[in-house]
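S.K.: Sequence and predicted structure are below.
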Amino acid sequence: MNTGPVVLINTFEVPVGQDEAFLDAWERSRAFLSAQPGYLSTRLHRSLSPSAGFRFINVALWQSPEAFQAATTHPEFTSMSIPFPFHASLYEVIHEETR
């Protein structure tokens with residue numbers, strides 16, 4: 001049973017030339033989610049390779065799966081859309097090492 005923060009890893013399939021449309025939609029979603037209870041942080045990554053299958057990857061921290069679920073099932077959030085295929089899942093950290 002997870003009692004600590006959870007990590008959302010969400011990959012996005014964004015064709016070359018569509019970065020601005022994606023970033024506008026992502027920013028609207030981020031603004032809503034960052035105001036929700038349980039939100040801790042997010043980092044959006046862009047691939048250095050334009051041919052990457054997942055050109056953007058969002059890594060966000062949430063206090064719990066329940067907080068994430070409540071935020072993403074909120075009617076205001078579900079009415080927003082990012083018009084690009086995405087693949088999202090929650091993870092728990094099982095090992096961490098930093099220097």
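M.R.: Thanks, I have it.
S.K.: Tell me which residues touch Ser79, please.
M.R.: Neighbouring residues of Ser79 by C-beta atoms under 8 Å, 6 or more residues apart in numbering: there are none. (Each C-beta comes from the backbone N, C-alpha and C, glycine too.)
S.K.: Pull up the gap between it and Phe22, please.
M.R.: 18 Å (C-beta to C-beta, to the nearest Å).
S.K.: just Val6 next, same as before
M.R.: The separation that Val6 has from Phe22, given C-beta to C-beta, amounts to 24 Å.
S.K.: Could you do Leu33 as well?
M.R.: Using C-beta to C-beta, which is the criterion applied here, Leu33 is 16 Å from Phe22.
S.K.: so what strands line up beside whichever strand or helix holds Ser89?
M.R.: Assigned by DSSP states H and E, Ser89 belongs to strand 86-91. Each strand pairing with strand 86-91, determined using DSSP bridges, is listed with its direction: strand 6-12 (antiparallel).
S.K.: same question for the strand it pairs with, mean pLDDT?
M.R.: When the per-residue pLDDT values of strand 6-12 are averaged, the result is 98.
S.K.: Over to stretch 29-37?
M.R.: When the per-residue pLDDT values of stretch 29-37 are averaged, the result is 97.
S.K.: State the distance spanning the first to the last residue of it.
M.R.: As for stretch 29-37, its first-to-last residue distance stands at 15 Å under the measure C-alpha to C-alpha, to the nearest Å.
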